[in-house]
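Enquirer: A predicted structure for the sequence below; I have some questions about it.
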Amino acid sequence: MALFGRNPGRRPSNNYSTATVIVFVALVLVGVWMLTSSTFTPVSVTPEDKSQTNELAQETQNDVPTNTQQDDTGTNNENNSNESENGKENGESVSNGEQNLNEKTEEETIERLNEDTKGGNENKPNEKGENENTPNEDSTGENENKPNEDTNGEGENNTDTKGDNENNTDTKGKNENNTDTKGENENNEENRSENENNGSEETKGDNQNNGGEETKGENEKEQTKGENENNTTKFDDENGRTEELVKQESSNNETTTENLEETPTNNNNEETNNSNSNEEKPQEKIEQESEPNGAQSELLKETTTSNSTFSTQATESSNEKKVQVKTEGEIKEQGEEEKGDGWKLCASSAGADYIPCLDNEEAIKKLRTTKHYEHRERHCPDESPTCLVPLPEGYKRPIDWPHSRDKIWYHNVPHTKLADVKGHQNWVKVTGEYLTFPGGGTQFTKGALHYIDTIQESFPDIAWGKKTRVVLDVGCGVASFGGFLFERDVLTMSFAPKDEHEAQVQFALERGIPAISAVMGTKRLPYPGLVFDVVHCARCRVPWHIEGGMLLLELNRMLRPGGYFVWSATPVYQNLPEDVEIWNAMSELMNSMCWKMVKKTKDALNKVGLAIYQKPLDNNCYNKRPDNSTPPMCQQSDDPNAAWNVSLQACMHKIPESPVIRGAQWPTAWPERLGKSPYWLNKSQTGVYGKPAPRDFEEDYQHWKHVVGSSYVNGMGIDWSHVRNVMDMRAVYGGFAAALRDMKVWVMNIVPIDSPDTLPIIYERGLFGMYHDWCESFSTYPRSYDLLHADHLFSRIKKRCKILPLMAEVDRMLRPEGKLIVRDNIETINEIESIAKSLKYEVRMAYSKENEGLLCVQKTMWRPTEIDAPLS
């Protein structure tokens with residue numbers, strides 16, 4: 001058989017008109033002339049074909065693929081060699097295999113090329129009239145003999161490695177039988193036999209039919225973003241990859257292609273515009289109901305922090321010489337990827353309410369004293385648990401906000417002791433299958449909202465929701481005060497210990513009200529200094545006046561200059577001897593601290609009294625105090641922002657006086673303060689991302705508004721009506737929380753102790769949060785949060801501690817049907833996905849680009865049946 005495998009006998013010459021014959025003869029003469037006057041084959045007749053030949057020659061020189069991220073380099077080399085041979089056949093001298101070709105074959109070749117020149121490049125299954133010779137997968141112009149980008153290097157010669165027919169015309173744009181790709185395969189017997197058996201006219205029709213219909217059907221399975229609206233990519237599970245379904249709007253292509261790299265060998269602008277390859281990544285799974293909505297490029301923007309102006313909480317606390325931080329040397333080598341196989345239930349006596357750092361019975365037994373509530377403080381186990389907390393029997397998906405403020409499912413928090421003890425004060429009542437909350441409290445039995453309005457009416461300067469935005473509620477009970485302050489656009493951080501008031505904080509969280517388990521004992525609370533607008537205590541049972549006022553001085557540390565302390569307790573309005581004694585002691589302490597009582601009033605409906613005190617705005621009062629006054633002023637070396645494992649001190653910090661230092665001015669009124677860069681950030685400071693701090697802040701805010709609006713809210717299939725309690729596990733400036741402002745959610749912003757200390761910025765903009773070390777358990781009840789968000793947290797935490805205990809902690813905090821959204825590098829995303837699957841989580845979405853990935857998983861009701869060994 002001749003080299004081209006062409007059968008001249010099948011040529012349908014009888015269909016030609018006289019004019020066609022004349023044209024044909026002329027073309028034959030031209031071909032003969034070209035053959036005798038050049039050593040090159042006649043396939044380079046047109047400028048387009050010349051360009052293609054140049055491209056092919058350049059491909060032959062590129063033995064190493066451009067895409068270094070492909071896994072199978074061996075396959076790339078095979079493809080290089082195969083295509084290099086094709087390049088030689090098309091661009092080299094014809095002396096090695098073509099000298100024996102007869103003129104008839106040359107004439108037919110020229111005729112076919114002329115047909116192709118007129119419309120051949122339009123014969124591709126490129127239904128939208130896209131660039132000639134643009135393969136589906138290699139549309140970025142990266143034609144340096146790469147393997148098909150979604151095949152993991154499984155195929156050879158760039159054929160379809162998903163098991164599709166090798167003769168499927170232009171499914172990848174590189175199949176050997178494609179006559180229109182670049183004209184490089186005319187010397188290939190196998191390629192020519194399929195496409196030329198029916199003549200040049202017939203071949204054109206075949207290409208239109210096969211490429212436009214048959215391969216269109218294939219492309220519905222494997223088509224790229226640049227050509228169709230659906231993109232399906234399969235990956236090898238044995239390599240830790242998953243079968244993926246990415247459903248995209250074609251209108252999003254421009255957004256995606258803006259961030260793709262230019263390729264060095266393709267100068268065709270149209271091909272570059274079609275650079276919508278399948279991203280070459282092992283994570284592109286999105287369930288049909290949750291499609292990313294055009295924000296992938298922004299979504300996966302790297303957020304690596306640089307050396308910034310902000311120190312870390314670990315450094316600040318270490319400088320106080322009171323913090324114990326695990327060092328990298330104390331962490332065992334992690335070795336192999338943690339799989340999370342063999343999950344078991346925790347064997348804690350706390351059962352479904354287990355909080356590892358508050359229920360460490362062995363550590364509590366070893367305490368020498370509990371005088372200062374040491375047994376209510378954090379005592380984390382030496383090894384973080386990797387067991388799972390069981391569900392209460394009969395657990396249901398929580399009631400949605402705002403109905404949850406008034407009632408919750410009894411079986412979700414099956415505790416009745418508080419209803420028995422505090423039911424008469426309208427804390428909580430048992431009503432059939434519900435626990436109901438009339439909105440009362442010890443000091444506001446007739447309702448929290450009336451009590452809140454009484455404070456405003458008696459002292460208008462407090463200005464709920466305008467001047468006052470962030471409140472700390474001490475000894476919160478079931479947090480009805482904070483729950484009803486939402487109606488006044490106020491955000492309240494409520495806390496109470498895990499004590500005999502059974503599950504009070506758990507009730508708050510189940511209701512959708514922010515709260516943590518904490519106690520005012522021997523350590524500073526995990527908040528920065530000078531951040532709360534108001535601190536509230538309603539019969540909070542804290543002995544403020546003892547031991548030099550140490551506990552009240554902790555409030556002074558956290559209260560903003562000019563901020564208010566609202567105290568509602570029996571010493572304010574009763575004349576019993578004990579109450580009078582406490583009132584006198586408190587009055588003396590307040591005066592020595594320079595706190596001024598601005599209002600003392602009564603709530604006639606609730607029949608209680610309250611006093612409002614204001615912290616000084618400057619140091620004038622401090623400077624007038626006699627020497628050796630108590631409480632003393634703190635040493636200048638004492639950092640009021642150091643708050644992680646730092647012991648309390650009975651001293652007061654000076655008020656910042658410089659107008660460019662934080663704390664010297666009250667923040668802008670809410671809601672303007674949310675999007676405004678704090679006055680104390682200036683251009684000379686370097687932000688977390690390396691830009692001048694004010695610009696860093698603004699760009700972070702705009703970034704998260706775009707990501708949340710374009711993808712999180714509309715693109716993940718999340719029903720936000722079921723989302724109330726949210727945690728950002730690694731907040732920076734609070735941009736994620738700020739972007740959710742219009743949603744009916746609240747966000748607990750966590751600044752890890754080894755991250756830049758940006759928590760004061762978060763408070764300055766009218767949001768709240770706390771410090772935490774994710775190598776330890778968080779101080780909250782199980783099943784507290786509907787959504788956890790972790791932006792580049794896990795890859796960083798792996799440097800200090802193991803990731804498996806952190807995933808167990810995520811499972812503990814997350815409610816069944818709750819979501820975990822992770823943004824991180826590909827390696828970490830794969831690891832998290834593997835662990836999530838071992839927890840029987842549903843993968844709602846996985847997306848990757850370059851080395852960055854996005855993962856959204858949903859917790860299920862699944863729990864293991866085997867119980868772990870007893871916890872120490």
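Expert: Good, I have the coordinates.

Enquirer: so what's residue 678 up against?
Expert: 662, 667, 697, 761, 764, 765 (Cβ atoms under 8 Å, 6 or more residues apart in numbering). C-beta: built from backbone N, CA, C; applies to glycine.

Enquirer: give me that answer again for 6 Å
Expert: For residue 678, the contacting residues are 761, 764, by Cβ atoms under 6 Å, 6 or more residues apart in numbering.

Enquirer: Please report phi then psi for it.
Expert: Here is the backbone geometry of residue 678 (degrees, to the nearest 10): phi -50, psi 140.

Enquirer: before we move on, what about residue 562?
Expert: Dihedral angles (degrees, to the nearest 10) for residue 562: phi 90, psi 0.

Enquirer: correct me, but it touches residue 613?
Expert: No. Using Cβ atoms under 6 Å, residue 562 is not in contact with residue 613, being 11.5 Å away.

Enquirer: Please say which of the two ends up with more neighbours.
Expert: residue 613 (21 against 17; other Cβ atoms under 10 Å).

Enquirer: Can you classify the more buried one by secondary structure?
Expert: Using DSSP: H, G, I helix; E, B strand; the rest coil, the structure places residue 613 in strand.

Enquirer: How about the contacts made by it?
Expert: Contacts of residue 613 by Cβ under 6 Å, 6+ apart are 565, 590, 595, 597.

Enquirer: Residue 477 now?
Expert: 441, 504.

Enquirer: ditto for residue 513
Expert: With contacts defined as Cβ under 6 Å, 6+ apart, residue 513 is in contact with 479, 482, 483.

Enquirer: State the number of residues packed around the first one.
Expert: What it means is residue 479. So residue 479, with other Cβ under 10 Å, has 29 neighbours.

Enquirer: The second one too?
Expert: If you count neighbours by other Cβ under 10 Å, residue 482 ends up with 26.

Enquirer: Give me the distance between residue 375 and residue 547.
Expert: Distance check for residue 375 against residue 547: by Cβ to Cβ, to the nearest Å, it reads 18 Å.

Enquirer: These two: who's more crowded?
Expert: Shown here are residue 375 and residue 547; by other Cβ under 10 Å, residue 375 has more neighbours (19 against 11).

Enquirer: secondary structure class for the more buried one?
Expert: Assignment for residue 375 (three-state DSSP): helix.

Enquirer: What pLDDT is listed against it?
Expert: Residue 375 is assigned a pLDDT of 95 by the prediction.

Enquirer: Quick check: closest non-adjacent residue to it.
Expert: Counting by Cβ to Cβ, 6 or more residues apart in numbering, residue 375 lies nearest to residue 364, which is 5.1 Å off, once chain neighbours are set aside.

Enquirer: what about that neighbour, how many neighbours?
Expert: So residue 364, with other Cβ under 10 Å, has 15 neighbours.

Enquirer: Dihedrals phi and psi, it?
Expert: phi -70, psi -40.

Enquirer: What of residue 561?
Expert: According to degrees, to the nearest 10, residue 561 has phi -50, psi 130.
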